[in-house]
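K.L.:
the sequence isn't on hand, but the structure is:
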């Protein structure tokens, strides 16, 4: 009898070690996994962003406005474009696959209000994203099933105008075929079109534009501040770091072309984060020393 019991224990231990549950046992539920993010403009002046999950909905979610997007764990500020930021927190959810690869770190949209979503955390079952907006407006959150989705509708019932945003054309640069900067069209708020165009620049190209070889050449800048247009001169300060990396092309090329489309701008002066530029006065373009080749 003792031998039989010992043999039974050995068999059960072997089954567990092989990762197999005894008959009748329930496998632990799978953690919902973020599989895709998409966004579109809806009738009635609403931009909709959808976070789709595999394995069911997160056990909880929270959406709120924040002054800045902070990375979970590290506490570092996360780069995100826009005049307002919605923070989306999913509990009991992950944003990586079985191999640990991130599903989606950041994505850009060419919509009136929603311009980008950026991952700020994916750790211990908590996943966080930020949504960069052109304007802080009311929003509504709800869920859908089959497939499992968390949906956020953001009001976008404000007047927009089409303006050009210039991105670095990687293919042209590699082939040494000018122009090295190619424009795309974005809808920007009619009340602040220059700021809107700059926000769209730092949001980056959408997926189809990236497929065509367009890139945001940041030159290590994280964004911009203090944009002022006066006496036909546009002045703007870069935030974050600043370096051309020894290249003859930099974020300055994108900024100057984007701002010079406006009829009130003849010259563009770009300052580093400390407020320095090579020619701060006079009717001439100017860049900081850090953007020199």
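P.N.:
Now that the structure is in, tell me what you want to look at. The structure displayed is predicted, hence computed values, not measured ones.
K.L.:
how about the helices in this structure?
P.N.:
For the chain, applying DSSP state H gives helices covering 2-17, 170-175, 193-203, 207-211, 251-259.
K.L.:
what sits up against the second one?
P.N.:
Under the criterion CB atoms under 8 Å, 6 or more residues apart in numbering, residues 178-180, 182, 212-215, 249 lie in contact with helix 170-175. Placement of C-beta: from N, CA and C, glycine included.
K.L.:
nearest residue to residue 190 other than its sequence neighbours?
P.N.:
Beyond its immediate neighbours in the sequence, the residue positioned closest to residue 190 (CB to CB, 6 or more residues apart in numbering) is residue 159, lying 4.4 Å away.
K.L.:
I'd like to know how many residues surround that neighbour.
P.N.:
Neighbours of residue 159 under the rule other CB atoms under 10 Å: 9.
K.L.:
among the contacts of helix 170-175, which pair sits farthest apart?
P.N.:
Checking those against each other with CB to CB, the farthest-apart pair comes out as 212 and 249, at 17.6 Å.
K.L.:
can you pull the buried residues of stretch 117-125?
P.N.:
By neighbour count, with 16 or more other CB atoms under 10 Å as the criterion, the buried positions of stretch 117-125 are 117-122.
K.L.:
where does pLDDT dip in the stretch 1-150 of the chain?
P.N.:
1-29, 103 (pLDDT under 70).
K.L.:
re the thing from before, would you format the buried residues of stretch 117-125 as JSON lines with distance to residue 128 included?
P.N.:
Compiled in JSON lines, these are given as follows (distance: CB to CB, whole Å):
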{"residue": "117", "distance to residue 128": "11"}
{"residue": "118", "distance to residue 128": "10"}
{"residue": "119", "distance to residue 128": "7"}
{"residue": "120", "distance to residue 128": "4"}
{"residue": "121", "distance to residue 128": "4"}
{"residue": "122", "distance to residue 128": "8"}
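K.L.:
just those now: which is nearest residue 141?
P.N.:
When those are compared for distance to residue 141 (CB to CB), residue 117 wins out at 14.3 Å.
K.L.:
so that closest one sits right up against residue 130, yeah?
P.N.:
Yes - taking contact to mean CB atoms under 8 Å, the distance of 6.8 Å between residue 117 and residue 130 places them in contact.
K.L.:
pull out the buried members of the contacts of helix 170-175.
P.N.:
Buried members of these, counted by 16+ other CB under 10 Å: 180, 182, 213-215, 249.
K.L.:
dump the residues you listed to a markdown table, plus distance to residue 155 and pLDDT.
P.N.:
Written out in a markdown table, the entries for those read as follows (distance: CB to CB, whole Å; pLDDT from 0 to 100):
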| residue | distance to residue 155 | pLDDT |
| --- | --- | --- |
| 180 | 38 | 98 |
| 182 | 32 | 98 |
| 213 | 34 | 97 |
| 214 | 29 | 98 |
| 215 | 31 | 98 |
| 249 | 38 | 97 |
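K.L.:
burial count for residue 288?
P.N.:
Burial measure for residue 288: 21 neighbouring residues, criterion other CB under 10 Å.
K.L.:
skipping adjacent residues, who's closest to it in space?
P.N.:
With sequence-adjacent residues excluded and distances taken as CB to CB, 6+ apart, residue 288 is closest to residue 272, at 3.9 Å.
K.L.:
list the contacts for residue 92?
P.N.:
Here residue 92 is in contact with 31-32, 58-60, 125 (criterion: CB under 8 Å, 6+ apart).
K.L.:
brain fart, residue 142
P.N.:
Residue 142 touches 151, 153, counting by CB under 8 Å, 6+ apart.
K.L.:
next: the one 5 residues further on.
P.N.:
Shown in contact with residue 147 (CB under 8 Å, 6+ apart): 52-54.
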